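Colleague: Sequence and predicted model, in that order:
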Amino acid sequence: MQELTGILNINKPEGLTSHDVVSRVRRISGQRRIGHAGTLDPIATGVLLLCLGQATRVSEYLMASSKIYRACMRLGVTTDTYDSEGQVIDQRDCRNITRQQVQRALEDMVGPLEQVPPMYSAIKHKGTPLYRLARRGEAVERKPRRIVIHAVELLEWQVPDLEARIHCSKGTYIRSLAHNLGQRLGCGAYLTGLTRLASGRFQLSEAFSLEQVEQAAEDGELAALLQPMDAALQAFPAITVGHDLAERIQFGQRVELPLPAPPQDRLIRVYAPDGRLLALLRFRSSQQWQPHKVFAQPDNNEGHT
């Protein structure tokens, strides 16, 4: 069986880990080289991007994109995991909290933030995931990470429950935002449900269920569900080069291109005359560009997106 290459937008169901979804698609497709770009907790649903074949090499660019979530939170209760899977550690009266107070507290979160990752997370400390240490009753110091909350919209409010739409940078823990909201309001809060509505350009409305993926595989149409891997690279400018330059780039050689120097660390994507994605190039000096990643793209994903 020919290896498939592309990005599969999955609507992850509740109750499965991201690794569970990868394992299931491996069984369905018969393909081993599959990875996911951005973990979702088991209680979360929505957009989970899987990278198949050569597309595993562009997963870092998918993970770097901003995310949009629909988050459900409950006030008046604090749990040790900051979500509904944890143990209740505090309860307080929240009946006097108003919609205006909730709205103001959410708006105060917009902008750059320093967020401390929760103990119940997959981040590793000396090789051990934090959640395993937390289950043993151990707590370790975690360094805050810089995140950005681009926008927050309060969708529903019925004390003690609220629903919000959150547009945020990569690496944002929505569970921690729920916990912080409870602290700001002085009553505690935890996450009761979470759906990823978008990851970069990939939308929930375009995602496939695992059942749809399984049916497509049975019908021999799984490739039709894949987005080409350059869908992960749309933030980078694109050029097409001639046959001679294309050959040099494929061999990893520097090439001279009459292009202006880009902002620091910016890349460009390069296509062959037949439309195949060749590589990502990085600017060096004096119009010299060095291949950063060279792709050998199979026939099933030719062309631009």
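Modeller: Looks like it came in fine. Residues are numbered from 1 along each chain as shown.

Colleague: mind showing which ranges of this protein have poor pLDDT?
Modeller: Scanning the chain for pLDDT under 70 picks out 1, 296-305.

Colleague: so what does the biggest strand by length in it touch, helix or strand wise?
Modeller: The residue-count maximum for a strand in the chain (DSSP state E) belongs to strand 145-158. Strand 145-158 makes packing contacts with helix 99-107, strand 111-115, strand 161-168 when contacts are defined by 3 or more Cβ pairs under 8 Å, 6 or more residues apart in numbering; DSSP states H and E. Heads up, the C-betas are built off the backbone N, CA and C, glycines and all.

Colleague: between these, which gets nearest to Glu141?
Modeller: Of all the helices and strands packed on strand 145-158, it is strand 111-115 that lies closest to Glu141, at 14.1 Å by Cβ to Cβ.

Colleague: on that earlier part again, could you give the separation of the longest strand of the chain from the chain centroid?
Modeller: On the basis of Cα atoms, centre = their mean, to the nearest Å, strand 145-158 sits 17 Å off its chain's mean C-alpha point.

Colleague: any idea of the angle that strand forms with strand 111-115?
Modeller: Strand 145-158 and strand 111-115 are oriented at 110 degrees to each other (axes from the mean of the first three to the mean of the last three Cα atoms, to 10 degrees).

Colleague: who's in contact with strand 145-158?
Modeller: If you take Cβ atoms under 8 Å, 6 or more residues apart in numbering as the criterion, strand 145-158 is touched by 66, 70, 99, 102-103, 106-107, 109-117, 162-172, 177.

Colleague: Of those, keep whichever come out buried.
Modeller: The neighbour count (16 or more other Cβ atoms under 10 Å) marks 70, 102-103, 106, 109, 113, 115, 117, 162-164, 166-170, 172, 177 as buried among those.

Colleague: what residues are up against the most centrally placed residue in the chain?
Modeller: Centroid-nearest residue in the chain: Gly38, 3.7 Å away (criterion: Cα atoms, centre = their mean). Gly38 makes contacts with Ser18, Leu48, Leu49, Leu62, Met63, Lys67, Lys170, Ser199, as judged by Cβ under 8 Å, 6+ apart.

Colleague: Also Gly200?
Modeller: By Cβ under 8 Å, 6+ apart, Gly200 lies in contact with Leu62, Ser65, Ser66, Lys67, Ala232.

Colleague: Going by neighbour count, which of these comes out on top?
Modeller: In terms of neighbours by other Cβ atoms under 10 Å, the contacts of Gly200 top out with Ala232 at 27 neighbours.

Colleague: hang on, the earlier thing: between the helices and strands packed on strand 145-158, which gets nearest to Leu222?
Modeller: When the helices and strands packed on strand 145-158 are compared by Cβ to Cβ, strand 161-168 sits nearest Leu222, at 31.4 Å.

Colleague: Packing partners of the closest one?
Modeller: Applying 3+ Cβ pairs under 8 Å, 6+ apart, we find strand 161-168 packed against strand 67-75, strand 145-158, helix 174-185.

Colleague: Save the ones you listed as JSON lines, and put in distance to Ile43 too.
Modeller: Below are those laid out as JSON lines (distance: least, Cβ to Cβ, whole Å):
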{"stretch": "strand 67-75", "distance to Ile43": "10"}
{"stretch": "strand 145-158", "distance to Ile43": "18"}
{"stretch": "helix 174-185", "distance to Ile43": "9"}
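
Colleague: Relative to Val77, which of the helices and strands packed on strand 145-158 is closest?
Modeller: strand 161-168 (10.9 Å).

Colleague: how far off strand 145-158 does that closest one point, in degrees?
Modeller: With the same axes, to 10 degrees defining the directions, strand 161-168 sits at 150 degrees from strand 145-158.
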